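S.K.: Give me coordinates for this.
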Amino acid sequence: MGFPVKLQCVLCGKEYDPQRVKYTCPVCGQDGTLDVLYDYDEVSRILTRESLKKDPTPSLWRYEPLLPVINSKNIPSLMVGWTPLYESKRVAEKYGVSKVFIKDDGRNPTGSLKDRASAVGVAKALDFKYTTVACASTGNAASSLSGFAAVAGLPSFIFVPEKAPEAKVAQLLVYGATVVLVQGDYSDAFNLAAAAIERYGWYNRNCAINPYLVEGKKTSALEIAEQLGWQVPDRVFISVGDGCCIGGLYKGFWDLLNLGFIDHMPKIVGVQAENASPIYEAFKAGAERVLFGFVDTVADSISVGAPKNWAKALRAVRKSNGDMVTVSDEEILSAIPEMARATGVFGEPAGAAAYAGFRKMATQGQLDRDETVAIVVTGNGLKDIQNARKAAGKPLSVAPDIEAFEKLLQSDAAISL
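M.R.: Alright, predicted model coming up:
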């Protein structure tokens, strides 16, 4: 059982009783996303470094006292979280930093970091006694919700842009979700989902609206800190679309600071695609708000022109003394095979974008040689095979004859034995 005591607006700072306010700040509207705050003294009685050391739970529920679920019986059975954190000495040496760690969140049940949010979201839907859940998504949040809703026995309605990758749509259908392909972009899907949720009284899984979803995503930060023996990295790179994942990273490290588990906040670096960078533009301009615009990128999971959780994203970068960087589609695609061949982690375009952002800052001399870096890979490469094939090149073709194969070896300069 968690100990959530109040909700606080990230814009105006006004506090609310969780029993009275459901989603966003009544004063600031949808832009007024809420933080879930806890009785940290009570949490610290139960959750300690020593208790975690003895806890064999291989999932995010090892942090249950710091999560907002009221009834433990509502926790879905799928094992989510406690994903690997790999050190890559090859990447560190190549790009001139002390250490590089890769957090592989593509290892979650439906293949993305979004499973952390859906696990908490479905449990909260049951806490609040909802019978149907719904969300809008560019793909990963949708497939994640459909999987966790299926396990919990809840019907789900999923609204995705009609151009969502086929692999992600296939996941939705396999899990039994009612899938609605919306003729338009993510903003159109979001707006239609919001209207349907209000009309039919479904539980809203949209992470930028529902404050409890970011609480699931923050567990990636909790794990990074614990897996590194509570010595947090100097910088953490993560791709940014709607702003929820980077907001979750900040909230996780902030909670750990409040509990005294860590002694400083790592610099959080948000990575956006060049043609989908409204939060980056606002950050670089020193703006208080984000201006929305047209987007066009191969990284569908961060292809968001009207981010809903922009306030938490900007806070994460500014309060952590972090930074933001943009990468081109070409840089994203080239990062997919490079990261896979150097670290063994196969990321979808949005996941590889974080690696591309690290690579760009390193080669431009923006990182110090003594820095320790963590890179969060938010989604599995099998989510988008079409772009992975584009990035990796073509296979060889040969007749089933050893002489023909030898000729192929002799003629192809790219082959080395």
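
S.K.: quick one, strands of the stretch 251-400 of the chain?
M.R.: 267-273, 323-327, 372-377 (DSSP state E, counting those that start in this stretch).

S.K.: what about those, which gets the closest to residue 156?
M.R.: Of all the strands of the stretch 251-400 of the chain, strand 372-377 sits nearest to residue 156, with 25.7 Å by CB to CB. Every residue, glycine included, has its C-beta placed from N, CA and C.

S.K.: what mean pLDDT would you report for the closest one?
M.R.: Mean pLDDT, computed over strand 372-377, is 98.

S.K.: Helices of the stretch 101-250 of the chain, start to end?
M.R.: In the stretch 101-250 of the chain, the helices defined using DSSP state H, counting those that start in this stretch lie at 114-127, 140-152, 166-174, 186-200, 211-217, 219-227, 244-259.

S.K.: For residue 90, which of the ones you listed is the nearest?
M.R.: That would be helix 219-227 among the helices of the stretch 101-250 of the chain, by CB to CB, at 19.6 Å.

S.K.: Could you list every helix and strand in contact with that closest one?
M.R.: For helix 219-227, the elements it packs on are strand 85-87, strand 99-104, helix 244-259, strand 372-377, judged by 3 or more CB pairs under 8 Å, 6 or more residues apart in numbering; DSSP states H and E.

S.K.: what residue ranges in the stretch 251-400 of the chain are flagged as low confidence?
M.R.: Along the stretch 251-400 of the chain, the model assigns pLDDT under 70 to no residue.

S.K.: what about the helices in it?
M.R.: Using DSSP H, counting those that start in this stretch, helices in the stretch 251-400 of the chain cover 278-285, 310-319, 329-343, 349-363, 385-392.

S.K.: if we compare these, which one ends up closest to residue 205?
M.R.: Here helix 310-319 is closest among these (CB to CB), at 16.8 Å.

S.K.: quick one on the thing from earlier: can I get the helices of the stretch 251-400 of the chain in TSV including mean neighbour count and distance to residue 145?
M.R.: What follows is the helices of the stretch 251-400 of the chain, written out as TSV (neighbours: other CB atoms under 10 Å; distance: least, CB to CB, whole Å):
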stretch	mean neighbour count	distance to residue 145
helix 278-285	19	23
helix 310-319	23	20
helix 329-343	20	25
helix 349-363	28	17
helix 385-392	16	22
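
S.K.: In a markdown table: those, plus distance to residue 200.
M.R.: Output for those, formatted as a markdown table (distance: least, CB to CB, whole Å):
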| stretch | distance to residue 200 |
| --- | --- |
| helix 278-285 | 30 |
| helix 310-319 | 27 |
| helix 329-343 | 37 |
| helix 349-363 | 30 |
| helix 385-392 | 34 |
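
S.K.: returning to that earlier point: the strands of the stretch 251-400 of the chain into TSV, with extra columns for distance to residue 345?
M.R.: TSV is the format used below for those (distance: least, CB to CB, whole Å):
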stretch	distance to residue 345
strand 267-273	16
strand 323-327	17
strand 372-377	6
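
S.K.: tell me the contacts of residue 353?
M.R.: When contacts are counted by CB atoms under 8 Å, 6 or more residues apart in numbering, residue 353 touches 239, 271, 272, 273, 299, 302, 327, 332, 335.

S.K.: residues touching residue 43, list them.
M.R.: Going by CB under 8 Å, 6+ apart, residue 43 touches 3, 65, 66, 259.

S.K.: Which helix or strand contains it?
M.R.: helix 40-46 (DSSP states H and E).

S.K.: Just give me how far that helix sits from the chain centre.
M.R.: Centroid separation for helix 40-46 versus its chain: 27 Å, with CA atoms, centre = their mean, to the nearest Å.

S.K.: can you check stretch 123-131 too?
M.R.: That offset, for stretch 123-131, works out to 23 Å (CA atoms, centre = their mean).

S.K.: Rounded mean pLDDT for it, please.
M.R.: 95.

S.K.: Do you know the pLDDT at residue 169?
M.R.: At residue 169, the pLDDT recorded in the model is 85.

S.K.: Looking at the contacts of residue 353, spot the one nearest residue 30.
M.R.: Closest to residue 30, out of all of the contacts of residue 353 and judged by CB to CB, is residue 302, at 20.0 Å.

S.K.: Need the nearest residue in space to residue 388, chain neighbours excluded.
M.R.: residue 381 (5.2 Å; CB to CB, 6 or more residues apart in numbering).

S.K.: Show me which residues of stretch 119-137 are buried.
M.R.: 119-127, 130, 132-137 (16 or more other CB atoms under 10 Å).

S.K.: again, but for stretch 85-95
M.R.: 85, 86, 88, 91, 92, 95.

S.K.: Now it - C-alpha only, PDB.
M.R.: Output of stretch 85-95 as PDB, limited to C-alpha atoms (Å, rounded to 0.1, in the frame of the first residue of the first chain):
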ATOM      1  CA  LEU A  85      21.200  -1.700 -16.800                       C
ATOM      2  CA  TYR A  86      24.200  -2.700 -18.900                       C
ATOM      3  CA  GLU A  87      27.600  -1.000 -18.800                       C
ATOM      4  CA  SER A  88      29.300  -0.500 -22.200                       C
ATOM      5  CA  LYS A  89      33.000   0.100 -21.900                       C
ATOM      6  CA  ARG A  90      33.200   0.200 -25.700                       C
ATOM      7  CA  VAL A  91      30.800   3.100 -26.000                       C
ATOM      8  CA  ALA A  92      32.500   5.000 -23.100                       C
ATOM      9  CA  GLU A  93      35.900   4.600 -24.700                       C
ATOM     10  CA  LYS A  94      34.700   5.500 -28.200                       C
ATOM     11  CA  TYR A  95      33.000   8.700 -27.100                       C
END
